[in-house]
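>>> I'll drop the sequence and a predicted model, then ask my questions.
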Amino acid sequence: MSEDGIDAERLLNAQSDDANWISYGRNYEEQRYSPLAQVNAETVSDLGLAWFDDMDTARGQEATPLVMDGTLYVTTAWSKVKAYNAATGEKLWEYDPEVPGETAVKACCDVVNRGVAAWGDHLFLGTLDGRLIKLNRETGAVAWEKAVVDQEKSYTITGAPRIVDGKVFIGSGGAEFGVRGNFAAFDAGSGEELWRFYTVPAGDEDENSPEYLQAAAKTWSGNVLGSESGIGGGGTVWDAMAYDPELDLLYIGVGNGSPWNRAYRSPGEDGTGEGDNLYLSSVIAVRPETGEYVWHYQTTPGETWDFTATQHIMLADLEIDGEQRKVLMQAPKNGFFYVLDRETGAFISGDAYVPVNWATGIDANGRPIENPETRIDVTGKPAIVAPGALGGHNWHPMAFHPGEGLVYIPAFEAAMMYAPEADWKPDPKRGFNVGFDLAAGDLPPDEGFRTEIAGTLKGRLIAWDPVAKKPRWTVEHPGPWNGGLLATGGNLVFQGTAGSEFNAYNAATGDKLWSFAAQTGVVAPPITYTVDGEQYVAVLAGWGGAYAITVDGDLLKRKAPVRNVSRLLVFKLGGTAQLPAETDMVQTPLDPPPSRASADVIAAGGKSYARYCAVCHAPAAVGSTVLPDLRRSGALVNPAAWQNIVHDGALKDRGMVSFSESLSKEEVDAIREFVIFRANQDKVMASEQ
Ligand SMILES: O=C(O)c1cc(C(=O)O)c2c(n1)C(=O)C(=O)c1cc(C(=O)O)[nH]c1-2
Ligand SMILES: [Ca+2]
């Protein structure tokens, strides 16, 4: 290993390694707090752009860069990696794993990547198509690569690997597409798989199965699990991990059920949903050496709303009721902020950080007190649920300020309507497999529940006091889906916004001290580092991810569209670089052919659209600034061209695969008629404004 290789000791001491940012959450506790203080309340007004670089993809940018000894490494959409001189911005190398474009259809929430891990002289990258790749840090050359998921199934990797003592941990996503959640450990040297941990039962457990899976199997009903049925159960490990070196426990966050509707995943005798369905929506502690189960805490028993607990897991030592506690903190999608004892998994507190209507609170045993009206898998009736499927907080990292004792949460409000779908069947090939009718209420988009929900769309930076169990201050943003966070010893909190700003706030009060016009929505979290004693702040700018390609499309008509430019921005005191002038957003005019199809054809097309198209092209076909707006597609007037794309997969290299395995030509044409109908609705609305 070279002098500046990453070893166990460097990872253990990452917090005091001021100059660098050597792992995803900065330290094993994943606190995203840097002690650097050159940029502070007094000096921040002098913060300016040091350098920037435009990325070669316009899809979601979610990565946390790593910085080691003067070099900055960042990943982009489509799992590409770029290395720069961290002070000058000179590009040193770039690596493209050439993820097949058609992989995009397996990704629920954009073709994103959140970062790499470092060990020795190498970087470890998870790719969207399910490979783990070891790259030489100096050159970007591939040392080895291997598939770490079943690539026949709809597994994808979007999260950053983590490393403990030469073991690389990586999970995967796909719970909207019928997979069985798991994560695994690999030897950083040889790439050998050391162990694999499944988060949900397969349905065939017996007395030889691991005890924790036997216990889990008892919490599922109906014997519908299994690869034959196409119901994998879900529980994907697509983002958060943290490690406590003293307790030697690795913590992972587990995702939602597959399908979402528990009535189809774990039906009781009367056909309604039943059982806690362990270990969905749980935090699990395992031994990193062996993958042995140690404890779990389930945030949402019987999950049915896509309430993942994959959100940021953060460790800290806090004084609670006069006692020093080793805690684990999480703000999962379900809207409650949890403080757990990380030695035992015992519940300490759980309090709503955004408005919540699915539960009235968490009882003393750590179990939610549910609202029966939002138990849609039991009532079989539609309900508006808060938070919605994107949560009160998603993957965007939080940050901790030890001096203030605050956790900064990039929170939002986006309630959602869930309408149980009758006679739903899994489609293991394609389509959003959730067991809800996602088209319900889509027509027309500006009436009914969508308007009601739009009224609740809010974004908020919350400075949460985990001991007092309430916010100390909050900052309101113009809308949801704002950037991840960084806290610093300069007593600053940095955050990018959907409103195209990159801001610095006073960590104690929330006062905005500095703002930069980023020319694009920003979702990724910033980092900070030094080179030759000079402090830099870096953030990967660009709009994308789940909200951007789905819900946000709805807002485009209401407010200005969120701008989308993929660019790495790096700042320092006295920086004088200038971005090129902002270019105008060019939009193809809304000029559809007349809508002449029957109401039945349009309704059938709308239903297929909701299951197969909306996840990327937005509900009600309203489009986004990330992916094509189908209402403006030239193929609407050309049925043969439409078949060529949707049925035959003419654009598969760009991610638009063939849907012929799931949809007949007739169904594909009904989707075209639905989009024509929607485009005409919106053209009328636009002319009335
Ligand atoms: O269930 C899953 O397997 C899974 C995976 C992912 C992912 O890997 O990005 C997301 C989600 N679910 C999800 O529910 C979600 O809200 C989400 C947002 C994002 C994003 O990057 O913006 N990914 C994901
Ligand atoms: Ca999910």
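Noted; the coordinates are in hand. Ligands and ions are numbered 1, 2, ... in the order given.

>>> C-alpha only now, for contacts and for neighbours.
OK.

>>> residues near residue 371, how many?
12 (other CA atoms under 10 Å).

>>> so who does it touch?
Residues in contact with residue 371 (CA atoms under 8 Å, 6 or more residues apart in numbering) are 357, 358, 359, 360.

>>> separation between the residue nearest to the third one when sequence neighbours are not counted and residue 505?
The shortest distance from residue 359 to any residue other than its chain neighbours is 4.1 Å, reached at residue 370 (CA to CA, 6 or more residues apart in numbering). Counting by CA to CA, to the nearest Å, the gap between residue 370 and residue 505 amounts to 36 Å.

>>> Among the two, which residue is more densely surrounded?
With neighbours defined as other CA under 10 Å, residue 370 and residue 505 compare such that residue 505 has more, 22 against 15.

>>> Find the nearest non-adjacent residue to that one, please.
Closest residue to residue 505 apart from its sequence neighbours, by CA to CA, 6+ apart: residue 512 at 4.4 Å.

>>> how about stretch 311-320, does it get close to ligand 1?
No. On the criterion CA under 6 Å from any ligand atom, stretch 311-320 is out of touch with ligand 1, staying 9.5 Å away.

>>> rewinding a little: closest one of the contacts of residue 371 to residue 585?
For those, the minimum distance to residue 585 (CA to CA) is 38.3 Å, reached by residue 357.

>>> Residue 385 is in contact with the closest one, correct?
Yes. Between residue 357 and residue 385 there is a contact at 6.3 Å, judged by CA atoms under 8 Å.

>>> Residues that sit against both of those two, list them.
By CA under 8 Å, 6+ apart, the residues touching both residue 357 and residue 385 are residue 374.

>>> between those two, which one's more packed in?
Set residue 357 next to residue 385 and count neighbours by other CA under 10 Å: residue 385 wins out with 22 against 18.

>>> What's the nearest residue in the stretch 51-200 of the chain when you look at ligand 1?
residue 173 (3.2 Å; CA to the nearest ligand atom).

>>> And that residue, what's its pLDDT?
Per-residue pLDDT puts residue 173 at 98.

>>> ok, it touching residue 158?
Yes. If you go by CA under 8 Å, residue 173 and residue 158 touch, sitting 7.3 Å apart.

>>> shared neighbours of these two, anything?
Residues touching both residue 173 and residue 158 (CA under 8 Å, 6+ apart) are residue 238.

>>> Spatially nearest residue to residue 56 (excluding sequence neighbours)?
Closest to residue 56 by CA to CA, 6+ apart is residue 566, at 7.6 Å.

>>> Can you get me a residue count around residue 102?
Using other CA under 10 Å, residue 102 has 18 other residues around it.

>>> in the sheet, who's paired with residue 534?
residue 531 (DSSP bridges).

>>> Relative to residue 70, how far out is it?
Residue 534 is 11 Å from residue 70, by CA to CA.

>>> quick one: the helices in the stretch 1-150 of the chain?
Here the stretch 1-150 of the chain has its helices, by DSSP state H, counting those that start in this stretch, at 8-12.

>>> nope, the stretch 401-550 of the chain is what I meant
Secondary structure of the stretch 401-550 of the chain by DSSP H, counting those that start in this stretch: the helices cover 449-454, 546-549.

>>> Which one of those helices has the poorest average confidence?
Ranked by mean pLDDT, these bottom out at helix 449-454, with a mean of 57.

>>> Now do the same contact list for the closest residue to ligand 1 within the stretch 501-650 of the chain.
Going by CA to the nearest ligand atom, ligand 1 is nearest to residue 545 of the stretch 501-650 of the chain, at 3.3 Å. Neighbour list for residue 545: 60, 61, 62, 109, 110, 111, 112 [criterion: CA under 8 Å, 6+ apart].

>>> Need the residues you listed in JSON lines (columns: pLDDT).
Output for those, formatted as JSON lines (pLDDT from 0 to 100):
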{"residue": "60", "pLDDT": "96"}
{"residue": "61", "pLDDT": "98"}
{"residue": "62", "pLDDT": "98"}
{"residue": "109", "pLDDT": "94"}
{"residue": "110", "pLDDT": "95"}
{"residue": "111", "pLDDT": "96"}
{"residue": "112", "pLDDT": "98"}
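
>>> can you tell me which of the residues you listed are in strands?
Assigned to strands by DSSP state E, none of the contacts of residue 545 qualify.

>>> Stretch 120-139: end-to-end distance?
End-to-end distance for stretch 120-139: 14 Å, by CA to CA.

>>> Buried among the contacts of residue 371? Need that as a selection in PyMOL.
Those of those that count as buried under 16 or more other CA atoms under 10 Å are selected in PyMOL with:
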select buried, resi 357+358+359
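
>>> which one of the contacts of residue 371 is nearest residue 427?
Closest to residue 427, out of all of the contacts of residue 371 and judged by CA to CA, is residue 358, at 28.4 Å.

>>> Show the model's pLDDT score for the closest one.
98.

>>> same question, residue 1
For residue 1, pLDDT reads 40.

>>> can you pull the contacts of residue 389?
Residue 389 sits next to 305, 306, 307, 333, 415, 416 when contact means CA under 8 Å, 6+ apart.

>>> What is the neighbour count of the last one?
Translated: residue 416. As a burial measure, residue 416 scores 23 neighbours (other CA under 10 Å).

>>> Which secondary structure state does the residue nearest to it when sequence neighbours are not counted sit in?
Spatially, and ignoring its direct neighbours in sequence, residue 416 is nearest to residue 388 (4.4 Å; CA to CA, 6+ apart). Secondary structure, DSSP: H, G, I helix; E, B strand; the rest coil: residue 388 is coil.

>>> Contact residues of the stretch 551-689 of the chain facing ligand 1?
Counting by CA under 6 Å from any ligand atom, no residue of the stretch 551-689 of the chain is near ligand 1.

>>> actually the chain, sorry about that
So the chain meets ligand 1 at 109, 112, 158, 173-176, 236, 238, 255-256, 306, 390, 545-546 (CA under 6 Å from any ligand atom).

>>> Now the residue of the stretch 351-500 of the chain found nearest ligand 1: closest residue in space that isn't a chain neighbour?
Of all residues in the stretch 351-500 of the chain, residue 390 sits closest to ligand 1, at 4.6 Å by CA to the nearest ligand atom. In this structure, residue 390 finds its nearest non-sequential neighbour in residue 333, 6.7 Å apart by CA to CA, 6+ apart.

>>> Report the central residue of the chain.
Nearest to the mean C-alpha position of the chain, by CA atoms, centre = their mean, lies residue 395 at 4.0 Å.

>>> What sits closest to that one if chain neighbours are left out?
Nearest residue to residue 395, sequence neighbours excluded (CA to CA, 6+ apart): residue 311, at 5.3 Å.

>>> Ok, residue 653 next?
Closest to residue 653 by CA to CA, 6+ apart is residue 101, at 4.3 Å.

>>> Contact partners for the one you found?
By CA under 8 Å, 6+ apart, the contact set of residue 101 is 652, 653, 654, 655, 656.

>>> Including pLDDT, could these go into CSV?
As requested, the contacts of residue 101 are arranged in CSV below (pLDDT from 0 to 100):
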residue, pLDDT
652, 90
653, 87
654, 85
655, 85
656, 90
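
>>> residue ranges with poor pLDDT in this protein?
Applying pLDDT under 70 to the chain flags the ranges 1-4, 439-455, 552-559, 688-689.

>>> okay, stretch 297-311 in PDB with CA atoms only?
Extracted C-alpha coordinates of stretch 297-311, given in PDB (Å, rounded to 0.1, in the frame of the first residue of the first chain):
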ATOM      1  CA  TYR A 297     -36.200  -2.400  15.400                       C
ATOM      2  CA  GLN A 298     -39.100  -2.200  13.100                       C
ATOM      3  CA  THR A 299     -40.300   1.400  12.400                       C
ATOM      4  CA  THR A 300     -43.400   0.400  10.500                       C
ATOM      5  CA  PRO A 301     -44.900  -3.000  11.300                       C
ATOM      6  CA  GLY A 302     -47.000  -4.400   8.400                       C
ATOM      7  CA  GLU A 303     -45.600  -1.700   6.000                       C
ATOM      8  CA  THR A 304     -47.900  -0.900   3.100                       C
ATOM      9  CA  TRP A 305     -47.100   2.700   2.100                       C
ATOM     10  CA  ASP A 306     -43.500   2.300   0.800                       C
ATOM     11  CA  PHE A 307     -42.300   3.500   4.200                       C
ATOM     12  CA  THR A 308     -38.700   2.500   3.900                       C
ATOM     13  CA  ALA A 309     -36.300   2.600   6.800                       C
ATOM     14  CA  THR A 310     -33.400   2.900   4.500                       C
ATOM     15  CA  GLN A 311     -33.000   6.600   5.300                       C
END
